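1. What shape does this take:
(one chain, ligands or ions: 1)
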Amino acid sequence: MAGSIRVTMEVGADGVALITICNPPVNALHPIIIQGLKEKYAEAMDRDDVKAIVLTGAAGKFCGGFDINVFTKVHETGDVSLMPDVSVELVSNMMEDGKKPSVSAIQGLALGGGLELIMGCHARISTPEAQLGLPELTLGVIPGFGGTQRLPRLVGLPKAIEMMLQSKFITAKEGKERGLIDALCSPDELIKMSRFWALEIANYRKPWIRSLGRTDSLGSLSEARAVLSMARQQAKKVAANMPQHQACLDVVEEGVLYGGHAGVVKEAKVFKELVVSTTSRALVHVFFAQRSTTKVPGVTDVQLKPRKIRKIAVIGGGLMGSGIATALLVSNISVVLKEVNPQFLQRGQKTIAGNLEGFVKRGSLTKDKMSKAISLLKGALDYSDIKDVDMVIEAVIEKVPLKQSIFADIEKICSPHCILATNTSTIDLNIVGEKTNSQDRIIGAHFFSPAHIMPLLEIVRTEKTSPQAILDLITVGKIIKKVPVVVGNCTGFAVNRTFFPYGQAAHLLVSLGIDLFRIDRVISNFGMPMGPFQLQDVAGYGVALAVKDIYAAAFGTRNFHSGLVELMAKNGRQGKINGKGYYLYEKGGKPKPDPSVQHVIDEYRRQTKTISGGKLVTLSDRDILEMVFFPVVNEACRVMEENVVIRASDLDIASVLGMGFPKYRGGLIFWADTVGASYIHSKLSKWGEIYGDFFKPSSFLEERAKSGRPLGVQQMAQQAPPRPRM
Ligand SMILES: C[C@H](O)CC(=O)SCCNC(=O)CCNC(=O)[C@H](O)C(C)(C)COP(=O)(O)OP(=O)(O)OC[C@H]1O[C@@H](n2cnc3c(N)ncnc32)[C@H](O)[C@@H]1OP(=O)(O)O
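-> Now for the predicted structure:
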């Protein structure tokens, strides 16, 4: 076995073989590890001096599951035989049915295949905080090493289904209460206690339990049927476009009806079908894409060290500022919230307290941690209180002179190392920092609303932003549990720029005669959290009105001018804010389509010189979907061509985490490649001829359509991006 990937075995004088999985950083089950486990188990069973086995993981972690890189290989080759036989050969035959008992010693985490290995052991000893879970469904598959059968037999059907379908982790402490873990102990005691336990089983002083044969936790057949039927209905709602949820329930049901062994056999068959599905390809792509966003050439590979950021000033206590402050505070970063008068400051502090209370209500923050977070917050009405901060994040309204004067003032007051970040979503950073001499410290920290919840942090750099400032902001992003994506400086940056045609296309379709509620239905059936009109209602029309002219100036003839939002506002509709937009909003109720909006739409169609010459058109649902998303893909091509993003997969992550593009479709570019550049190009060309430049294909798309190279294969941007062409 080569390098650091290995399985070791030490046999002690007590007759216990300690088998250790070693594959940093998470001891993933690489095929070398699987082979090693099989060899060591065979050896332990054969040796006369071995009475019992303890299975553990090196460096304080048990195991993060099967090696997901193998899934990628299966996806590239289509060769399912690359998946080693673990379920029957190793877990059932060698471990669970082996002639010597196995006890697992768990620390850190036991996830996926890791948890499945420990469930094949005859007892499980763990440190209390270890994380246990079966997150396979997030990768488009189901547990494949017997987990669908053993987990229900250990923790009961309802909890097992919840853990699998929601990919929920539990601590070992909870696992002990639920029967998954047999005993808890400190890390120092772990191996000693596990050895003792294994010998006790070998000597028949503790029960020798094979989980797969158990039925006592499953409940009666009618109870099981009721639980499964409820879970199916739930899955239909939350995972409508994904196959793995219903498949998981089918496999669980097989085991309930025909026994654990039948369940294991069906599990293996279904796993193999799912691992090659488009959903699994997409979700595995997202897994790795998300982890590569923080690998930034010239920044994270040049021996720079992130500096400690202990205290941050947030300028502006509006919705964004308060959200950003909340995210920092819950991650133990001290915040000075600066406002212009006591009323605004109080309002900001109240919003932060409300955000924190929301976390407590949802169970993601304890009351103690909330008090700690509040103690880290200080209000300020002038700049004297922010002298010693390590970073400033400006989050005031989108007014250029205001932002410029704020940064000019801050530059004079703060230390020369202080990072000067702006939360602008559209304004050119060179303009924001124009009145300072610190262009190297100017950087964009574009959070998405609500900032304390949305996971994306778009980090915008200019040609002059220093790698150190970028690295420090990436580090802060990770500390506050956001996914940082580093992008270049242009109107709308990567996310808003790519998605500017999204809402415009929807307006264009309405001008052609398509029902707006139908558009929203088609788009949400595709998997977006809501359609473009509901999104506009929720975001408020102010945003659309504020960016309208900026986009028109930046995007020229490919910008579609729509007067619909102005008309809505003129008719007393402001969206969710006043309860009346395209939809009607009542407190606590679901948004209801408002039929009376039709007269605004009629007026809009009269005013808009409909591109089709006044004739209303009929379109299929597929046409609608494509006419909304293909222009978005087209703009994404320009974003890639101009190196606004480092790699195509960064746009996938940005679209999933910033816009709610369905993760199970792999993100915007991954999805576009499943459709095909050539098809998208041909459709856009056709619509471009009929409806104008809004649809005209970009040169990047044209090149890919002709060459057949996927859109996702992009030359990586090595340096700060060049100034983009618009
Ligand atoms: C047949 C079986 O039923 C099938 C399976 O077991 S499928 C696998 C099931 N397991 C999972 O889904 C767990 C996936 N991993 C995770 O959720 C998280 O990585 C974790 C909770 C283990 C650790 O999180 P965190 O500490 O934030 O570190 P994170 O950055 O995510 O991962 C560290 C590195 O380990 C890698 N890694 C983590 N889990 C891995 C896995 N199962 N296989 C391969 N690589 C893995 C990551 O890609 C990353 O690599 P990089 O440093 O080169 O980018």
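2. by contact count, what packs against the helix or strand of the chain with the lowest mean pLDDT?
-> The helix or strand of the chain with the poorest confidence is helix 541-555; it has a mean of 89 (mean pLDDT, DSSP states H and E). Helix 541-555 sits against helix 495-511, helix 564-570, with contacts defined as 3 or more CB pairs under 8 Å, 6 or more residues apart in numbering; DSSP states H and E. To be clear about C-beta, it is placed using only N, CA and C from the backbone, and glycine gets the same treatment.
3. from the chain's centre, how far out does the shortest one sit?
-> Translated: helix 564-570. Counting by CA atoms, centre = their mean, to the nearest Å, helix 564-570 is centred 35 Å from the centre of its parent chain.
4. With mean pLDDT, distance to residue 178 and mean neighbour count as extra columns, can I get the helices and strands packed on helix 541-555 in JSON lines?
-> Shown next, in JSON lines, are those (pLDDT from 0 to 100; distance: least, CB to CB, whole Å; neighbours: other CB atoms under 10 Å):
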{"stretch": "helix 495-511", "mean pLDDT": "97", "distance to residue 178": "41", "mean neighbour count": "24"}
{"stretch": "helix 564-570", "mean pLDDT": "97", "distance to residue 178": "52", "mean neighbour count": "19"}
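5. Output those helices in JSON lines; the columns should cover distance to the ligand.
-> Below are the helices and strands packed on helix 541-555 laid out as JSON lines (distance: least, CB to the nearest ligand atom, whole Å):
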{"stretch": "helix 495-511", "distance to the ligand": "22"}
{"stretch": "helix 564-570", "distance to the ligand": "41"}
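6. quick revisit: can you list contacts of the least confident helix or strand of the chain?
-> By CB atoms under 8 Å, 6 or more residues apart in numbering, the residues outside helix 541-555 that reach it are 398, 425-427, 490-492, 496, 500, 503, 536, 559, 561, 565-566, 568-569, 574-575, 581, 726.
7. Now stretch 391-406 - C-alpha only, CSV.
-> What follows is the C-alpha trace of stretch 391-406 in CSV, where atoms were taken according to Å, rounded to 0.1, in the frame of the first residue of the first chain:
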residue,chain,number,x,y,z
MET,A,391,-11.8,45.1,8.2
VAL,A,392,-14.6,47.4,7.2
ILE,A,393,-17.7,46.2,5.3
GLU,A,394,-19.7,49.0,3.9
ALA,A,395,-23.4,48.2,3.4
VAL,A,396,-25.1,51.5,2.7
ILE,A,397,-27.5,52.3,-0.2
GLU,A,398,-26.2,52.1,-3.7
LYS,A,399,-25.1,55.7,-4.1
VAL,A,400,-21.7,56.3,-5.6
PRO,A,401,-20.8,59.7,-3.9
LEU,A,402,-21.9,58.3,-0.5
LYS,A,403,-19.7,55.2,-0.8
GLN,A,404,-16.8,57.2,-2.1
SER,A,405,-16.9,59.6,0.8
ILE,A,406,-17.2,56.7,3.3
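8. How about residues contacting it?
-> Here stretch 391-406 has contacts from 309, 312-316, 318, 320-321, 324, 386, 407, 410, 414, 418-427, 431-435, 445, 447, 472-473, 476, 546, using CB under 8 Å, 6+ apart.
9. pLDDT weak spots in this structure?
-> By pLDDT under 70, the weakly predicted segments of the chain are 1-3, 610-614, 714-726.
10. just to revisit the earlier point, among the contacts of stretch 391-406, which lie within strands?
-> Those of the contacts of stretch 391-406 mapping onto strands are 312-315, 419-422, 445, 447, per DSSP state E.
11. Okay, the closest residue to the ligand within the stretch 101-250 of the chain and residue 462: tell me how far apart.
-> The ligand sits closest to residue 112 of the stretch 101-250 of the chain, with a gap of 2.4 Å, by CB to the nearest ligand atom. Look at residue 112 and residue 462: by CB to CB, to the nearest Å, they are 42 Å apart.
12. out of these two, which sits in the busier spot?
-> Comparing residue 112 with residue 462 by other CB atoms under 10 Å, the one with more neighbours is residue 112, at 27 against 20.
13. That one contacts residue 71, correct?
-> No. Because the distance of 11.2 Å does not satisfy CB atoms under 8 Å, residue 112 is recorded as not touching residue 71.
14. neighbours of residue 622, just the number please.
-> By the other CB under 10 Å criterion, the neighbourhood of residue 622 contains 9 residues.
15. Just the buried residues of the one helix or strand residue 700 maps to, please?
-> Secondary structure assignment for residue 700, by DSSP states H and E: helix 699-707. By neighbour count, and taking 16 or more other CB atoms under 10 Å as the criterion, the buried residues in helix 699-707 are 700-702, 704-705.
16. Now flag whichever of those is closest to residue 272.
-> Sorting the buried residues of helix 699-707 by how near they are to residue 272, with CB to CB, puts residue 704 at the top with 32.6 Å.
17. show me where the stretch 1-150 of the chain has strands.
-> All strands of the stretch 1-150 of the chain, identified by DSSP state E, counting those that start in this stretch, fall at 6-11, 16-22, 52-57, 102-106, 109-111, 123-126, 131-133.
18. Any idea how far the third one is from the middle of the chain?
-> In other words, strand 52-57. Here strand 52-57 shows a centroid-to-chain-centroid distance of 34 Å under the convention CA atoms, centre = their mean.
19. ok, the closest residue to residue 84 other than its chain neighbours to residue 142 distance?
-> Nearest non-adjacent residue to residue 84, counting by CB to CB, 6 or more residues apart in numbering: residue 34, 4.7 Å away. Separation of residue 34 from residue 142 (CB to CB) stands at 18 Å.
20. Same question for residue 133.
-> In this structure, residue 133 and residue 142 are separated by 14 Å, where distance is defined by CB to CB.
21. Between these two, which contacts overlap?
-> By the contact definition CB under 8 Å, 6+ apart, residue 133 and residue 142 are jointly contacted by no residue.
22. okay, these two: which has more neighbours?
-> With neighbours defined as other CB under 10 Å, residue 133 and residue 142 compare such that residue 142 has more, 26 against 23.
23. Check whether the more buried one really touches residue 270, as I assumed.
-> Yes. Using CB under 8 Å, residue 142 makes contact with residue 270 at a distance of 6.2 Å.
24. Which residues are in contact with each of the two?
-> With the criterion set as CB under 8 Å, 6+ apart, the overlap between the contacts of residue 142 and residue 270 is 247, 251.
25. Surely the residue nearest to residue 84 touches residue 89?
-> No. Using CB under 8 Å, residue 34 is not in contact with residue 89; the gap is 9.3 Å.
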